[in-house]
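In: Curious how this folds, go ahead:
(2 chains)
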Amino acid sequence: MRALWWREIIRFVRQRSRVIGAFAQPLLFWILLGGGFSASFRPPGTPGDVGALQYFYPGIIALVLLFTAIFATIAVVEDRKSGFLQGVLVAPIPRGSIVLGQALGGTTLAVLQGVLFLALAPLAGISLSLLSIVAVTLVLVGVSFALTNLGLVIAWRMESTQGFHAIMNLILMPIWLLSGAFFPAAGAPGWLGWVMRLNPLTYGMAALRRALYLSVPAASGAVPPFALSIFVTAVFSLVAFAGATTVARRAR
Amino acid sequence: MIAPTPSAEDAAPAAVVIRGLSHRYGDRRALVNVELDIRRGEIFGILGPNGGGKTTLFKVLATLTPAQEGRVEIFGEDVARAPLAIRRRLGVVFQHPGLDPKLTVEENLRCHAALYGLGGATFRVRSATMLERLGLVERARDLVETLSGGLARRVELAKGLLHGPELLLLDEPSTGLDPGARRDFIEYLVHLRATEGVTVVLTTHGMEEAERCDRVGFVHRGALVAVGTPDALKAEIGGDVVVVHAGDPERLRARIRQRFGCEPRLVDGALRVELPRGHEFVREVVDAFPGEIRSATFGKPTLEDVFVHLTGHRFWAQEPGREESA
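Out: Have a look, this model is predicted:
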């Protein structure tokens, strides 16, 4: 398990394009979308100084996590294609440990990049207290672990990376889009609001906002309460991990 | 090949026992009621054309594919019941490269060792030994993606042997090796068996490798059609194998039957006759039908001849629609 975790890290460091892909792309999104929407977009229920750039900031952090989780799970599909995974499958370790190693590898990378992104908080008009940084990091761990495992559920069933891209665009991106990362549930039409309320990542997103605005709760806007958000995120993580393990047990 | 003496064979407990093993992919039967015993310390070759079922058999032995029907025991333990305990004693080298190209040779070995619970000093000693034995010491710090095919194959073998398995499973081990490296490889397996007493099971469609095995089993259309030492299998044919190429093989076949009273087989457009004193037959047949024969050769039977003898099929001929599923 530790071996697989360690391997993820080494591979990541050696593949520069992954670092850039998972970090620069969300950054670009943030600047372009945040900038473009700043005149027309005002999240409801927040104080006047929260504009598009500020609203998107936690959403973009979630996107960083999502991208990193996706990269980590694409690696699993590649391992399967190359034959590396076969070698792991015949090793005397339970499938749950294999999945845990992969998931923790992906989580570590995602959290590291998410924390790196926190350095840009002043640009979003947020001054972070130490407590806030700790809270954000913990939330990042939970959300990353959940997203990586969700990716693993898909990756363990996939034969090709092409198939994975299709699924990613159909499932993972909408999960992010409808999590309140991009627009708040409050402003969405009724049915969409419900989809958002049922989306587990909505609560991860809410937890992230609450942790970032620990000292000014109002700035989080109209999102679910902190305790509920953390609870749902924890359940989401565990369910996703159990799902990935189940799928991995069936893999040949 | 140095076959163990019969008495030693009887005394050694079986490394692998397969009873009534059948497997199907949808409608296609990949394995049909396979029964096989493989002894400890044996080098056993599973031989057969691609798509014949040997990869499926390999995957069942490697604990990757559970037996659909029948029972498989490795060192007396049921594969279905104790896969983890068995995996610890297995070394598996797949046909497809199982190395991480982005890691160095040493990192690959360390990753593998960790999966088998091998760490610290034990790992250092074992990996140093394996690198030394396989001539990989200078390349230990190189990324695997920079290695040649033959070298990568050796790293693969080092990886499979690192944790000191009692049973080494190799799927088409010599794929991608040049003839020299292939000979080295099989020599090394023989050496390994002698030094570490490891049992080796390999699948192959290479006759050269098969000849070096203690025993081979032919898999054809999912069935194990013959098992024995290469010499014993070849002795079944008796005498020589004569292969005749002709413009009109069907007609020549009838005429040979009439004239010589033997039954040539038509395999892949060539006539094959198994008989003693093949060199005399070659002369007689060429004399008897001048102008009809393009070439006539004779030789001692090879394992490929045994396969043709058993199945009526050329070894290399792919059967349509019977591609092995990965």
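In: OK, contacts around the nearest residue to residue A:127 once chain neighbours are set aside?
Out: Excluding the flanking residues, the one nearest residue A:127 by Cβ to Cβ, 6 or more residues apart in numbering or on different chains is residue A:121, at 7.4 Å. C-beta: built from backbone N, CA, C; applies to glycine. Residues counted as contacts of residue A:121 (Cβ atoms under 8 Å, 6 or more residues apart in numbering or on different chains) are A:57, A:127-128, A:212.
In: May I ask which two of those residues are separated the most?
Out: Greatest spacing in the contacts of residue A:121, by Cβ to Cβ: A:57 and A:127 (13.0 Å).
In: what packs against the helix or strand encompassing residue A:59?
Out: Counting by DSSP states H and E, the element that carries residue A:59 is helix A:52-82. In terms of contacts (3 or more Cβ pairs under 8 Å, 6 or more residues apart in numbering or on different chains; DSSP states H and E), helix A:52-82 is packed against helix A:2-14, helix A:16-37, helix A:84-89, helix A:95-118, helix A:130-155, helix A:161-167, helix A:173-176, helix A:200-212.
In: Relative to residue B:254, how far out is the residue nearest to residue A:127?
Out: Shown here: residue A:121 relative to residue B:254, a distance of 91 Å by Cβ to Cβ, to the nearest Å.
In: Residue B:211 now?
Out: According to Cβ to Cβ, residue B:211 stands 35 Å off from residue B:254.
In: Name the residue in these two with the higher neighbour count.
Out: residue B:211 (16 against 12; other Cβ atoms under 10 Å in any protein chain shown).
In: isn't that one right next to residue B:230, touching?
Out: Yes: using Cβ atoms under 8 Å, residue B:211 makes contact with residue B:230 at a distance of 5.3 Å.
In: Check the offset of the lowest-mean-pLDDT helix or strand in chain A from the chain's centre.
Out: Least confident helix or strand of chain A, by mean pLDDT, DSSP states H and E, is helix A:16-37 with a mean of 75. A distance of 15 Å separates the centroid of the chain from that of helix A:16-37, by Cα atoms, centre = their mean, to the nearest Å.
In: Against which helices or strands is that helix packed?
Out: helix A:2-14, helix A:52-82, helix A:95-118.
In: Take it, keep the C-alpha atoms, and write them as PDB.
Out: C-alpha atoms of helix A:16-37 as PDB (Å, rounded to 0.1, in the frame of the first residue of the first chain):
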ATOM      1  CA  ARG A  16       5.900  17.900 -15.400                       C
ATOM      2  CA  SER A  17       3.000  18.200 -17.700                       C
ATOM      3  CA  ARG A  18       0.800  16.800 -15.000                       C
ATOM      4  CA  VAL A  19       1.800  19.400 -12.600                       C
ATOM      5  CA  ILE A  20       1.100  22.100 -15.100                       C
ATOM      6  CA  GLY A  21      -2.200  20.500 -16.200                       C
ATOM      7  CA  ALA A  22      -3.600  20.200 -12.700                       C
ATOM      8  CA  PHE A  23      -2.500  23.600 -11.600                       C
ATOM      9  CA  ALA A  24      -2.200  26.000 -14.500                       C
ATOM     10  CA  GLN A  25      -5.500  25.100 -16.100                       C
ATOM     11  CA  PRO A  26      -7.700  25.900 -13.100                       C
ATOM     12  CA  LEU A  27      -5.700  29.000 -12.500                       C
ATOM     13  CA  LEU A  28      -6.400  30.100 -16.100                       C
ATOM     14  CA  PHE A  29     -10.100  29.200 -15.600                       C
ATOM     15  CA  TRP A  30     -10.200  31.300 -12.500                       C
ATOM     16  CA  ILE A  31      -8.700  34.400 -14.100                       C
ATOM     17  CA  LEU A  32     -10.700  34.200 -17.300                       C
ATOM     18  CA  LEU A  33     -14.000  33.200 -15.900                       C
ATOM     19  CA  GLY A  34     -13.700  35.300 -12.700                       C
ATOM     20  CA  GLY A  35     -12.600  38.300 -14.700                       C
ATOM     21  CA  GLY A  36     -15.300  37.800 -17.400                       C
ATOM     22  CA  PHE A  37     -18.100  37.400 -15.000                       C
END
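In: Please identify the buried residues of it?
Out: A:18-19, A:22-23, A:26, A:29-30, A:33-34, A:37 (16 or more other Cβ atoms under 10 Å in any protein chain shown).
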